[in-house]
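Participant: curious how this folds, go ahead:
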Amino acid sequence: MLENLKHIQPSQLIGFTRSLDWTAIDYDTRLTVLHWINVAIAAYREKRGVEPIDDNLPGQPDTPYRTIKAILFAASPPARASIGTQPGPNIQQQHTKDLVS
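Facilitator: Alright, predicted model coming up:
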């Protein structure tokens, strides 16, 4: 996929990105893919004589980059717990326990 980025338009990436099951791909790989998509979009824009990064203003449609980022990371949140940590009770569980005691 990454080798072919130079041959397609950023808007074409959106359809291709939607066609993949991103839940099967780990978070770090998704970050890497997003980085290379960003590089490809910037190169595509520079080749056409426009600014490499063009963030949208509030109220404007999302850019291809932001749309693709939403697709990649809507699949699942990152699991980044430190080794040896255990999940503890959340505040609501603790508050409920205190009320009952």
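Participant: what mean pLDDT would you report for the top helix by length along the chain?
Facilitator: Counting residues, the longest helix found in the chain (DSSP state H) is helix 27-47. When pLDDT is averaged over helix 27-47, the result is 89.
Participant: buried stuff in that helix?
Facilitator: When burial is assessed from 16 or more other CB atoms under 10 Å, helix 27-47 yields the following buried residues: Tyr27, Arg30, Val33, Leu34, Ile37, Ala40, Ile41, Ala42, Tyr44. For every residue, glycine as well, the C-beta is placed using N, CA and C.
Participant: next, format those as CSV and append distance to Ile53.
Facilitator: Shown next, in CSV, are the buried residues of helix 27-47 (distance: CB to CB, whole Å):
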residue, distance to Ile53
Tyr27, 23
Arg30, 20
Val33, 18
Leu34, 14
Ile37, 13
Ala40, 13
Ile41, 8
Ala42, 6
Tyr44, 12
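Participant: for these, which one is nearest Gln60?
Facilitator: Nearest to Gln60 among the buried residues of helix 27-47, counting by CB to CB, is Ile41 at 16.5 Å.
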